[in-house]
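Visitor: mind folding the following:
(one chain, ligands or ions: 1)
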Amino acid sequence: METTTLSGPTPDDAARWHQGALYLAEQRLLPERAEYLRLETAGEVAEAIRAMVVRGAPAIGVAAAYGVVLAGRDAYATAGSSWKAAIESDLARLAASRPTAVNLFWAIRRMRDCIADLGTGDPYADLLTAARALHEADRAANRRLGDLGAELIEGPTDLITHCNAGAIATGGYGTALGVIRSAFAAGKVRRVFADETRPWMQGARLTAWELMHDGIPVVLQADSAAASLMAGGTVGWVIVGSDRIAANGDVANKIGTYPLAIAAKYHGVKVMVAAPTSTIDLETASGQDIPIEERDPAELLGCGDQQLAPAGCLARNPVFDVTPAALVDAIVTERGVVMQPNAEKIRALMADGVA
Ligand SMILES: CSC[C@H]1O[C@H](OP(=O)(O)O)[C@H](O)[C@@H]1O
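Guide: Numbers count the residues shown, from 1 in each chain. Next up, the predicted model:
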């Protein structure tokens, strides 16, 4: 993988197909350097997902879809009319890249549906069309859910968001930040308090970058400062994204979301989870069934080049937690809003089976 001089990226064009290759915003370098990484194989895309070059549930799904395009091109080049058998190893590599965001598996399943409809000829053009459609559908879904979520907000009010559920974490516009963008445009946002989001700092590095890019008033805070802010009575909503919503409405999201929701409940602050229906997983019954990714403790023991803990210190680094549905006031999707979510309401939302 190499960085490239393709100009950009801005928050809304984090994934681009250009001259037969996938260009991904190198999110590990932001906000100091805005560069694309050029990827030409499915293996490179899988590694980019694992290493969090690209991160954010919908963005991971979009990247994987383009990874299937690269896999199809390589499979046909090596196996010709037997490409459908040859592609399987790359599909497995993409599926093994990260375990929690269901959008990864949803996107690969959608691309498998496309593969099933193809013959033994070169699949490249058809797979690229399918990946591009999936990408644009996610962007459109986020604009829709952004507007639906903004309608729930009585402003002007302060908002808290955690991690980065922005344009760069999706196919465009963002989920939690999509709601915030639409609410800001409607004059409903006084300030957005962005949790820095230890240890990977998606809030400090990416959410602050996105909101400042859009001229939306953002105030960075330590994750541990959120509860006392809510005690002050100026915060109307906590608005977050999600990596997987179980069939009963339990929500997996970035580590730190669960305590945020507990504090919100205590202080009478409402909690909104903004996610496309590709994040809802009816095959996962409840939050306890969601695989929670544990990443290298080194991400926690240091910060950039600085060693934080003594050499040899043990550490644990779960990077997601589960917020029970009972702590969620609204799940906002492109298909509609579920207030006080439960299994019956989630099933009703998904009943028309488009996702
Ligand atoms: C719009 S989904 C973003 C979602 O993904 C983040 O996790 P990660 O940065 O590890 O991919 C976080 O949970 C966000 O809410």
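
Visitor: beyond the helix ranked longest in the chain, next helix or strand please.
Guide: When the chain is parsed with DSSP state H, its longest helix is helix 124-151. Sequence-wise, the next helix or strand downstream of helix 124-151 (DSSP states H and E) is strand 157-161.

Visitor: so what's Leu39 up against?
Guide: Neighbour list for Leu39: Met1, Ala21, Leu22, Tyr23, Leu24, Val45, Ala48, Gly67, Leu70 [criterion: C-beta atoms under 8 Å, 6 or more residues apart in numbering]. Every C-beta, even on glycine, is put in place using the N, C-alpha and C of the backbone.

Visitor: nearest residue to it other than its sequence neighbours?
Guide: Take Leu39 and drop its neighbours on the chain: the residue closest to it by C-beta to C-beta, 6 or more residues apart in numbering is Leu22, 4.6 Å away.

Visitor: go on, Leu29?
Guide: Closest residue to Leu29 apart from its sequence neighbours, by C-beta to C-beta, 6+ apart: Glu35 at 5.8 Å.

Visitor: what's the neighbour count on the residue nearest to Asp12 when sequence neighbours are not counted?
Guide: Leaving aside its sequence neighbours, Asp12 sits nearest to Ala167 (C-beta to C-beta, 6+ apart; 4.5 Å). By the measure other C-beta atoms under 10 Å, the count of residues near Ala167 is 29.

Visitor: checking Arg198 next. Helix, strand or coil?
Guide: The three-state label given to Arg198 by DSSP: H, G, I helix; E, B strand; the rest coil is coil.

Visitor: any low-confidence regions in the stretch 1-150 of the chain?
Guide: Within the stretch 1-150 of the chain, the stretches falling below the threshold (pLDDT under 70) are 1-5.

Visitor: next, count neighbours for the residue in it that the ligand sits nearest to.
Guide: Among residues of the stretch 1-150 of the chain, the one nearest the ligand by C-beta to the nearest ligand atom turns out to be Arg55. It sits 3.4 Å away. Neighbourhood size, Arg55 [other C-beta under 10 Å]: 25.

Visitor: can you give me the distance of the residue lying closest to it once chain neighbours are set aside to Arg335?
Guide: Excluding the flanking residues, the one nearest Arg55 by C-beta to C-beta, 6+ apart is Gln27, at 6.0 Å. Using C-beta to C-beta, to the nearest Å, Gln27 is found at 28 Å from Arg335.

Visitor: mind listing the helices for the stretch 101-250 of the chain?
Guide: For the stretch 101-250 of the chain, the helices defined by DSSP state H, counting those that start in this stretch occupy 102-117, 124-151, 176-185, 202, 208-213, 226-231.

Visitor: which other helices and strands contact the last one?
Guide: Using 3 or more C-beta pairs under 8 Å, 6 or more residues apart in numbering; DSSP states H and E as the contact criterion, the secondary-structure elements in contact with helix 226-231 are strand 157-161, strand 189-195, strand 235-240, helix 257-267.

Visitor: quick one: closest of the ones you listed to the ligand.
Guide: strand 235-240 (5.7 Å).

Visitor: okay, angle between the closest one and strand 189-195 too, please.
Guide: 50 degrees (axes from the mean of the first three to the mean of the last three C-alpha atoms, to 10 degrees).

Visitor: given strand 235-240, what are its sheet partners and their directions?
Guide: Paired with strand 235-240 in the same sheet, following DSSP bridges, are strand 157-161 (parallel), strand 270-274 (parallel).

Visitor: just to revisit the earlier point, name the helices or strands packed onto the longest helix of the chain?
Guide: strand 15-18, helix 57-79, helix 102-117, helix 176-185, strand 270-274, strand 330-333, strand 336-339.

Visitor: confirm the residue nearest to Leu39 sits in a helix?
Guide: No. Read with three-state DSSP, Leu22 is strand and lies in no helix.

Visitor: that one - how many residues pack around it?
Guide: A count of nearby residues for Leu22, using other C-beta under 10 Å, gives 27.

Visitor: residues in contact with the residue of the stretch 251-355 of the chain found nearest the ligand?
Guide: Per C-beta to the nearest ligand atom, Lys254 is where the stretch 251-355 of the chain lies closest to the ligand, at 3.5 Å. With contact set as C-beta under 8 Å, 6+ apart, Lys254 has these partners: His162, Cys163, Thr197, Gln202, Val240, Asp243, Val319, Phe320, Asp321.

Visitor: please produce a ChimeraX select command covering the buried subset of these.
Guide: To isolate the buried members of those in ChimeraX, using 16 or more other C-beta atoms under 10 Å:
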select :162,163,197,202,240,243,319,320,321
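
Visitor: which one among the contacts of Lys254 gets closest to Gly187?
Guide: Checking those against Gly187 with C-beta to C-beta, the nearest one is Val240 at 22.3 Å.

Visitor: count the residues that sit near Arg38.
Guide: Residues contacting Arg38 under the criterion other C-beta under 10 Å number 17.

Visitor: repeat for Leu6
Guide: Burial of Leu6 is recorded as 16 neighbouring residues (other C-beta under 10 Å).

Visitor: now do the contacts for it.
Guide: Arg16, His18, Tyr23, Tyr36, Arg38.

Visitor: just want the phi and psi numbers for the last one.
Guide: Read it as Arg38. phi -90, psi 130 (degrees, to the nearest 10).

Visitor: quick check: it touching Gly20?
Guide: No. With contacts counted by C-beta atoms under 8 Å, Arg38 stays clear of Gly20, the gap being 10.2 Å.

Visitor: contact residues of the stretch 151-300 of the chain facing the ligand?
Guide: Contacts of the stretch 151-300 of the chain with the ligand, taken as C-beta under 6 Å from any ligand atom, map to Cys163, Ala165, Ala169, Thr170, Thr175, Gln202, Val240, Gly241, Asp243, Asn253, Lys254.
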